[in-house]
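**Student:** the following comprises the amino acid sequence and a computationally predicted model.
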Amino acid sequence: MTNETNESRCILAPSCGIAGSPDACHSQCPAYIQMHSAAGRHTLAGLPSEYALVDLATAAPRKDQPSAYAIIDRLAGTFSRQFEERPNIKSVYLYSAEPGTGKTTTAAALLNAYLRTHFVEAARLGRTPHRKPAEFFDLNEYQTAYILASQMRDETQLQAIGRRLGSAAKVPFLVLDDVAIRSATENFRAMVHAVINARIASGLPTVYTSNVDMDGLEAVYDARLADRIRDKCQVVQFVGRSKRGKRK
């Protein structure tokens, strides 16, 4: 009977010399545990299950978005700088007016690439990896939770959401999914505004996904913040119509 190996469940596999080895590639691998256990770095990143293991090299949108992925690949190539004193890893604004063109999938793939590079580079340099190097933040999900907690006057939940946003301001690499939140309360929008401002001021790389261009972002927040985002990140446009439910 052939032992089942673990490479299909581990984001480290593309950089791992023992990936697929029957004797070593299993769920008790120390590197796998550090990344994928209940308290592992990938687990703490909070990627939605449907995007948890997406990889840039094989991501479904790559075929449909060659121009976008040419830029994305160059950005991912800078992730090895992250332990430098001045890493200069740029932020990126993934935009398309149409939903379902691959922005969130790509953002998740970038997060996985950053996590893998962080772990590999830390090992190469003899460093301890950051406890939570990256985080995926679905702003629509948190906006819904914030509205519900506000309606229920649930101060415990409101404080928890505030703490999560505070953490998002400091994590080394952040995905802000659907940054152009619609119908947000003034308080929630102000908190997101503060997160973005803090990250820009600290030079921390952020991946934004959005269905509005930068001009539209001004209406969501304000012209000054939109200008700061525009000045500090690469805008990457995704083209075409929704591919949801069509990709194999």
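**Tutor:** Received it, and whenever you're ready, just let me know what you need.
**Student:** can you pull the contacts of the closest residue to residue 45 other than its chain neighbours?
**Tutor:** Once flanking residues are discounted, residue 45 sits nearest to residue 134: 5.0 Å by Cβ to Cβ, 6 or more residues apart in numbering. (C-beta placed from N, C-alpha, C; glycine too.) Contact analysis of residue 134 by Cβ atoms under 8 Å, 6 or more residues apart in numbering lists 41, 45, 111, 114-115, 118, 171-175.
**Student:** let's verify residue 207: helix, strand, or coil?
**Tutor:** Classification of residue 207 using DSSP: H, G, I helix; E, B strand; the rest coil returns strand.
**Student:** what average pLDDT does the biggest helix by length in the chain get?
**Tutor:** Secondary structure of the chain per DSSP state H: the longest helix is helix 103-125. The average pLDDT for helix 103-125 rounds to 97.
**Student:** could you export it as CSV, CA atoms only?
**Tutor:** Extracted in CSV, the C-alpha atoms of helix 103-125 (Å, rounded to 0.1, in the frame of the first residue of the first chain):
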residue,chain,number,x,y,z
LYS,A,103,-8.7,39.3,-8.1
THR,A,104,-9.3,37.5,-4.8
THR,A,105,-7.8,34.3,-6.0
THR,A,106,-4.7,36.3,-7.0
ALA,A,107,-4.5,38.1,-3.7
ALA,A,108,-4.7,34.8,-1.9
ALA,A,109,-1.9,33.4,-4.1
LEU,A,110,0.2,36.4,-3.3
LEU,A,111,-0.3,35.9,0.4
ASN,A,112,0.7,32.2,0.1
ALA,A,113,3.8,33.2,-1.9
TYR,A,114,4.7,35.7,0.8
LEU,A,115,4.2,33.2,3.6
ARG,A,116,6.3,30.6,1.8
THR,A,117,9.1,33.0,1.0
HIS,A,118,9.0,34.3,4.6
PHE,A,119,9.5,30.8,6.0
VAL,A,120,12.2,29.8,3.5
GLU,A,121,14.2,33.0,3.9
ALA,A,122,13.9,32.8,7.7
ALA,A,123,15.4,29.3,7.6
ARG,A,124,18.1,30.4,5.2
LEU,A,125,19.1,33.3,7.4
